[in-house]
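Trainee: what follows is a predicted structure for the sequence shown.
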Amino acid sequence: MKNKQVIVRFPPSPTGPLHVGGARTALFNYLFAKQNGGQIFLRIEDTDRERSKPEFEQNIIESLTWLGLEFDNAQPIRQSERSAIYRAALEKLISNNTAYVSREEIEKKDKRGEVIRLRNLGKVITFTDLIRGEISFDTTELGDFVMAKSLDEPLYHFAVVVDDWRMNISHVIRGEDHISNTPRQILIQEALGAPRPIYAHIPLILAPDRSKLSKRHGAVSVTEYRDQGYLPEALVNYLALLGWNPGTDQELFSLKELVKLFSLERIQHGGAIFDLEKLKWLNREYLKQVSETIWQDCFTSDWSTELRPKLIPLLRERVATLEEAKSFIANGEYDYFRTTPVVARKLLKNPETLSQTITLLKSISENSFNSEQIKTALTAYAEKIGRAAVLGTFRVALSGRERSPDPFTIASILGKKETLTRLQKILNRYDVE
RNA sequence: GGCCCUAUCGUCUAACGGUUAGGACAUCGGCUUUUCAAGCCGGUAAUCCGGGUUCGAUUCCCGGUGGGGUCACCA
């Protein structure tokens, strides 16, 4: 077999909630691993004790789980728990003389008097990126860079290289912002005698102004989207399409399909703007299919269980997110389905049509009082008098609103009895001919 | 600023030398069950610029310009 075992990792640092950019990186790693029958590990890069917080680690794990991305390690690997491994590697390099303890001038108060630096020969490093091809760097300008503050305090580049080595990582799939970190890491690998993984740098996710996507542009974390009522399937689908496409016109994919279709070669080279409108559209598509149980959560407990399933279809085609549905309900948009609405006289354009509408509705049997039958019963009359006059009045009389679903649907949900009661009441009140 | 990456409709993208430059979101117009939403139909809209290579460049090469990244004892 020409392919060696695929082992990838997703290594977030727990200094903030999981960002959509990070989520996409995790997704691409996941898709690549699954497609190749490989493994994917979650590694928490918490070497910076100051900035790393357990709640962020929690948030990251929660977000990944919510998205449906499963990892092969039940417990995350934490760099903070691996200092012995880094220490041994550091000692090896020092005894090799490929690294050395350097005495520093302390210009800043929190700097160390001694740090560990790599002995950099300053050669040209060339590596192959699966997405971009060959990339070369002259490492001279890097100088003898610092790899660790002390034997027990490795810095990012060193910890990454040691871990990727010890974890037998075959492919490093990460953000484009790491391209210029790569030569430095390769230098460390070579000093260590570690094999070079295959690199693939994916483009960054940009804000609408093409700058780096950050908090000031609105929601950036996965949990924020979850809390705004987006479905994980929609976010996964959207993120997959941001910078990748299968080469066909297909736009809707399940995670399973993505595993089948994904390929690193088809990943875009340039950064992509995060477009909330398209995410909304996708969310809407998934919302149309999602089970009724999920929609039930949009109702407060005071909504009857008979009424809910009748209103869910209306919600499905109206809102783009679950949160929107909740506030729709909370704002009383559908209250007229359970309480007789107050109907303002000025909204009632042609109340005189109500009496004929009532007569026509009475001819429909209780059992077939559905939106189709109601429409059929009223069509001829509406055509004759004017649709706006008949149907508009009908709709307002039932809902009390200027905007609502069509009157046939409203009437069918209310039922024959309630519909006739409401119409009659209004007819009586305004005492029209 | 040095180094690196990058460049097709407003946005996400297809076209791996020959197409009326395709699709999706958004937008605009029409239709539909007054209205709103959805849905359906249709329209507007792009190859950054300049040189090459070639019979022929969106596509290959070079330069410019724009955008992004990176230059920490952060990750």
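Mentor: Thanks, I have it.

Trainee: which SSE is the closest residue to residue A:234 other than its chain neighbours in?
Mentor: Once flanking residues are discounted, residue A:234 sits nearest to residue A:283: 4.0 Å by Cβ to Cβ, 6 or more residues apart in numbering. C-beta: built from backbone N, CA, C; applies to glycine. When elements are assigned from DSSP states H and E, residue A:283 belongs to helix A:276-289.

Trainee: what packs against that helix?
Mentor: helix A:232-241 (3 or more Cβ pairs under 8 Å, 6 or more residues apart in numbering; DSSP states H and E).

Trainee: give me the contact list for the helix it packs on.
Mentor: The contact list for helix A:232-241 (Cβ atoms under 8 Å, 6 or more residues apart in numbering) reads A:20, A:23-24, A:27, A:31, A:66-68, A:222, A:225-226, A:251-255, A:258, A:262, A:278-279, A:282-283, A:285-287.

Trainee: so which of these reach RNA strand B?
Mentor: A:251, A:278 (Cβ under 7 Å from any atom of the strand).

Trainee: buried subset of the contacts of helix A:232-241 as a PyMOL selection?
Mentor: Remark: buried members of the contacts of helix A:232-241, expressed as a PyMOL selection using 16 or more other Cβ atoms under 10 Å:
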select buried, chain A and resi 20+23+24+27+31+66+67+222+225+226+253+255+258+262+279+282+283+285+286+287
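
Trainee: out of the contacts of helix A:232-241, list just those in strands.
Mentor: Within the contacts of helix A:232-241, no residue falls in strands by DSSP state E.

Trainee: tell me the residues of the stretch 1-150 of chain A that contact RNA strand B?
Mentor: Counting by Cβ under 7 Å from any atom of the strand, the stretch 1-150 of chain A sits next to RNA strand B at A:13, A:15, A:45, A:47-48, A:51, A:104, A:106, A:110-113, A:115, A:132-133, A:135-138, A:141, A:145-146, A:149.

Trainee: and the helices in the stretch 101-250 of chain A?
Mentor: A:156-166, A:182-192, A:222-227, A:232-241 (DSSP state H, counting those that start in this stretch).

Trainee: okay, these in TSV with mean pLDDT next?
Mentor: Converted to TSV, those look like this (pLDDT from 0 to 100):
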stretch	mean pLDDT
helix A:156-166	98
helix A:182-192	97
helix A:222-227	97
helix A:232-241	98
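
Trainee: so which of those helices gets nearest residue A:58?
Mentor: Distance to residue A:58, taken as Cβ to Cβ, is lowest for helix A:222-227 among the helices of the stretch 101-250 of chain A, at 10.2 Å.

Trainee: got any ranges where chain A has weak pLDDT?
Mentor: Of all residues in chain A, those with pLDDT under 70 make up the ranges A:1-3, A:431-433.

Trainee: residue nearest the middle of it, spatially speaking?
Mentor: With distances taken as Cα atoms, centre = their mean, residue A:235 lies nearest the centre of chain A, 3.2 Å away.

Trainee: about what we covered before: now the helices of the stretch 101-250 of chain A in CSV, with distance to residue A:291?
Mentor: Putting the helices of the stretch 101-250 of chain A into CSV (distance: least, Cβ to Cβ, whole Å) gives the following:
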stretch, distance to residue A:291
helix A:156-166, 41
helix A:182-192, 45
helix A:222-227, 17
helix A:232-241, 12
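
Trainee: and the nearest residue to residue A:180 once chain neighbours are set aside, what is it in contact with?
Mentor: Of all residues not flanking residue A:180 in the chain, residue A:137 sits nearest, at 7.4 Å (Cβ to Cβ, 6+ apart). Residues in contact with residue A:137 (Cβ under 8 Å, 6+ apart) are A:124-126, A:180, A:182-183.

Trainee: so which of those residues is the closest to RNA strand B?
Mentor: residue A:180 (3.9 Å; Cβ to the nearest atom of the strand).

Trainee: correct me, but residue A:321 touches residue A:224?
Mentor: No: taking contacts as Cβ atoms under 8 Å, residue A:321 lies outside contact range of residue A:224: 11.8 Å.

Trainee: who has more neighbours, those two?
Mentor: Counted by other Cβ atoms under 10 Å, residue A:321 and residue A:224 do not tie: residue A:321 has more neighbours, with 19 against 15.

Trainee: check contacts around the more buried one.
Mentor: Here residue A:321 is in contact with A:228-230, A:280, A:283, A:287 (criterion: Cβ under 8 Å, 6+ apart).

Trainee: up against RNA strand B, what does the stretch 301-433 of chain A have?
Mentor: Near RNA strand B, when you scan the stretch 301-433 of chain A using Cβ under 7 Å from any atom of the strand, you find A:317-318, A:371, A:375, A:387-388, A:391-392, A:395-396, A:402-409.

Trainee: need the buried ones from the residues you listed selected in ChimeraX.
Mentor: The buried subset of these, as determined by 16+ other Cβ under 10 Å, is captured in ChimeraX by this line:
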select /A:371,375,391,392,395,396,404,405,407,408,409
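
Trainee: out of the residues of the stretch 301-433 of chain A next to RNA strand B, which sit inside helices?
Mentor: A:371, A:375, A:387, A:395-396, A:407-409 (DSSP state H).

Trainee: from residue A:366, how far out is the closest residue to residue A:130 other than its chain neighbours?
Mentor: Closest residue to residue A:130 apart from its sequence neighbours, by Cβ to Cβ, 6+ apart: residue A:200 at 4.0 Å. Here the distance between residue A:200 and residue A:366 works out to 65 Å (Cβ to Cβ, to the nearest Å).

Trainee: which of those two has more residues huddled nearby?
Mentor: residue A:200 (21 against 8).

Trainee: spit out the contact partners of the more buried one.
Mentor: So residue A:200 contacts A:129-131, A:171-174, A:264, A:267 (Cβ under 8 Å, 6+ apart).

Trainee: which of those residues tops the neighbour count?
Mentor: Result: residue A:173 is most packed of those (other Cβ under 10 Å), 27 neighbours.

Trainee: just checking, that residue touches residue A:32?
Mentor: Yes: contact criterion Cβ under 8 Å: residue A:173 and residue A:32 qualify, at 6.1 Å.

Trainee: got any residues that touch both of these two?
Mentor: With Cβ under 8 Å, 6+ apart as the test, residue A:173 and residue A:32 both reach A:8, A:264.
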